[in-house]
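> Below are the sequence and a predicted model for it; my questions follow.
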Amino acid sequence: MIWLAPDRADGQESQPPAAAEVAAPDPGCEPFAGREACRSVAVDAVTVRYSIAYPPQWGDDGEGRPESRVPAGAVLYDVGGPGASVLSGDFGLAGARNDVWGDARGVLITLEEPWVTAEVAPDCKASAESYYRAARDGDVGGVRGHADEVAEDCAAWFGFTPDLYARAVLQILEDNNFTLTGFVGHSFASVRYAYLVSWGVDVPWAVVTRPFPYGAGLDELNAERASVLAGADRVDKVLRNETAEQVDGRSVPVAPFDYWSAAVELDQLADDELDSALSGIAGTDSAAFAGGLSDELWGRYGVDSLSPGMLAQWQEVCRAGGSPGKAPAASGVEFVLWSLVATCDRADQSFTAPDTGQSAAGWKQAWEIAQHRLCVTSSDTDSVTPGSLIHKYFSHANIIEVPAASHASTEGFDACMAYFDAVEAEPVGEYGAPLSPDGPGG
């Protein structure tokens, strides 16, 4: 390892620290180094990387943690996705820890999805590229055919399975002498919470902003998403210009497909980013803005290559939502919504009967009980996780209504935290409180 440091102010040559001061690198963190502190845990043959954000008084590496036989409280933080690289530095994990714990002596654990370090086989890469080209061309038959190829050629797992996620969390807790006191997350984190529930992991409380409506089929989800988009003025502003145009520096021309995709991607933007994007699309660089949003939605890079994060998205979303149903006409946002998950017609759709051997009735009861420990936020104008489906599929959870359309909004998080703070129960850690099956205070 090469050690680099700036020259010293006194003009003397900088020296590397003494060998005793250099922590041994975690071999699981050597490839694809991120900007967050990294550790790893092995679950069978899979290496799962993760980060721990410590309270400031413990230091960045937790070296100041007080010696104690009592496990430290830990909250699991899941940013959602699938397809998010949590060690990239984009999520500010230390700041997230402070939002949850304040000055309390608790830590925040965040797991990174397997796709970040996974190798993509050449056949898998080629099949994904062909699938994307067929979608761009509006070729429904081609999309279906290449979906079969993706299922066959991309057999390696790029996302989490319920057992991998739950077992990794349990191993991390054991390795670090932590006790799980809560769960916070966004969007698809609701499904990851369900993974833990399916494996019987005790989660005293959970907060998920804008949750994926676990329990809804993808056909139902897409229909509701299309309905929300159809009534949104912001979408109309994008679809006013659907002409094909070559953009400097872009390997493929911007086509109507990109405008439809941009309209779908809009609600993933934060409010300030949304205003900027809409201004750009309304201006002379409309094609460039639409193309950029389209590429974000699909994870496109190069000419027609897709990020392996898209493979993770297909695998986990397909497992949670099943088949997307009948293909719509090959145009408009409905076609893009269908194309994004048409791979799910060939996916293993078994999570409604979890891997732990529970019956369907047993799982239904366990999930209803788990919702009594869950607080979520909802917006009727969010086209990614529509509020109507959140109310339908999280009917046993505490739901905080918020006005913002942006799916990226975490508004309502503080209200959810206050909700659990008010629960009168024996506390576990700073916020954690085991709740009864009858709900808070029951």
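Cool, the structure landed. Here the structure is a predicted model, which is why all the values come from computation and not from measurement.
> Test my guess that residue 260 contacts residue 333.
Yes - the criterion here is Cβ atoms under 8 Å, and residue 260 meets it with residue 333 at 5.1 Å. All C-beta atoms are positioned from the backbone trio N, CA, C, and that covers glycine.
> Compare these two and say which one has the larger neighbour count.
Applying other Cβ atoms under 10 Å to residue 260 and residue 333 shows that residue 260 carries more neighbours, namely 27 against 23.
> ok so that one is a helix residue?
Yes - under DSSP: H, G, I helix; E, B strand; the rest coil, residue 260 sits within a helix.
> which residues sit in contact with it?
Applying Cβ atoms under 8 Å, 6 or more residues apart in numbering, we find residue 260 in contact with 239, 242, 331, 332, 333, 335, 336.
> Just give the nearest non-adjacent residue to it, would you?
residue 336 (4.7 Å; Cβ to Cβ, 6 or more residues apart in numbering).
> do the same with residue 245
Going by Cβ to Cβ, 6+ apart, residue 245 has residue 287 as its nearest residue, at 4.2 Å.
> Got the confidence number for the one you found?
pLDDT for residue 287: 87.
> Would you mind giving the secondary structure of it?
helix.
> so what's it up against?
Residue 287 neighbours (Cβ under 8 Å, 6+ apart): 241, 245, 247, 254, 258.
> Next, count neighbours for the first one.
Meaning residue 241. There are 15 residues near residue 241, going by other Cβ under 10 Å.
> Make sure it is indeed in a strand.
No - secondary structure of residue 241 (three-state DSSP): coil, not part of a strand.
> residues touching it, list them.
Contacts of residue 241 by Cβ under 8 Å, 6+ apart are 259, 281, 286, 287, 290.
> now swap in residue 406 and tell me
Residue 406 neighbours (Cβ under 8 Å, 6+ apart): 267, 268, 269, 270, 271, 274, 382.
> and if you look at residue 196?
Counted by Cβ under 8 Å, 6+ apart, residue 196 has contacts 76, 165, 166, 169, 183, 203.
> and residue 119, how many residues sit next to it?
Residue 119: 7 neighbours (other Cβ under 10 Å).
> picking up where we left off before, now, which of the contacts of residue 196 sits nearest residue 315?
residue 165 (12.5 Å; Cβ to Cβ).
> Report the contact partners of the closest one.
Residues counted as contacts of residue 165 (Cβ under 8 Å, 6+ apart) are 111, 192, 195, 196.
> Distance-wise, check the closest residue to residue 195 other than its chain neighbours relative to residue 316.
Closest residue in space to residue 195, ignoring its immediate chain neighbours: residue 162 at 4.0 Å, by Cβ to Cβ, 6+ apart. Distance, residue 162 to residue 316, using Cβ to Cβ, to the nearest Å: 10 Å.
> Those two: who's more crowded?
Using other Cβ under 10 Å, the more surrounded residue of residue 162 and residue 316 is residue 316, with 28 against 22.
> Give me the nearest residue to the more buried one, chain neighbours excluded.
residue 159 (4.0 Å).
> Could you say whether that neighbour sits in a helix, a strand or coil?
Residue 159 - assigned by three-state DSSP - is coil.
> quick one: it from residue 395, how far?
Counting by Cβ to Cβ - residue 159 and residue 395 are separated by 27 Å.
> before we move on, the earlier item: want to throw the contacts of residue 260 into CSV with secondary structure, distance to residue 210 and pLDDT?
Shown next, in CSV, are the contacts of residue 260 (DSSP: H, G, I helix; E, B strand; the rest coil; distance: Cβ to Cβ, whole Å; pLDDT from 0 to 100):
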residue, secondary structure, distance to residue 210, pLDDT
239, helix, 24, 83
242, coil, 28, 74
331, coil, 28, 85
332, helix, 24, 92
333, helix, 19, 94
335, helix, 24, 95
336, helix, 20, 96
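> which of these tops the neighbour count?
residue 336 (26 neighbours).
> residue ranges of the strands in the stretch 1-150 of the chain, please?
For the stretch 1-150 of the chain, the strands defined by DSSP state E, counting those that start in this stretch occupy 39-43, 46-53, 72-78, 107-111.
> so which of the ones you listed gets nearest residue 386?
The nearest among these, by Cβ to Cβ, is strand 72-78 at 20.7 Å.
> if I look at residue 293, how far off is residue 262?
4 Å.
> These two: which has the busier surroundings?
Each of residue 293 and residue 262 has its neighbours counted (other Cβ under 10 Å); residue 262 has more, 27 against 24.
> give the contact list for the more buried one.
Residue 262 touches 238, 281, 289, 290, 291, 293, 294, 297, counting by Cβ under 8 Å, 6+ apart.
> now it: how far from residue 292?
Residue 262 sits 8 Å away from residue 292, taking Cβ to Cβ as the criterion.
> and what of residue 34?
Relative to residue 292, and taking Cβ to Cβ, residue 34 is found at 24 Å.
> The residue nearest to residue 316 against residue 112, yeah?
No - counting by Cβ under 8 Å, residue 159 does not reach residue 112; the two are 11.4 Å apart.
> still on that earlier bit, read off the pLDDT value for the residue nearest to residue 195.
Model confidence at residue 162, given as pLDDT, is 92.
> one step back: please work out which of the strands of the stretch 1-150 of the chain is packed deepest.
strand 72-78 (a mean of 25; mean count of other Cβ atoms under 10 Å).
> Now do it: which elements does it pack against?
Other elements packing on strand 72-78 under the criterion 3 or more Cβ pairs under 8 Å, 6 or more residues apart in numbering; DSSP states H and E are helix 93-101, strand 107-111, helix 162-176, strand 178-186, helix 189-198.
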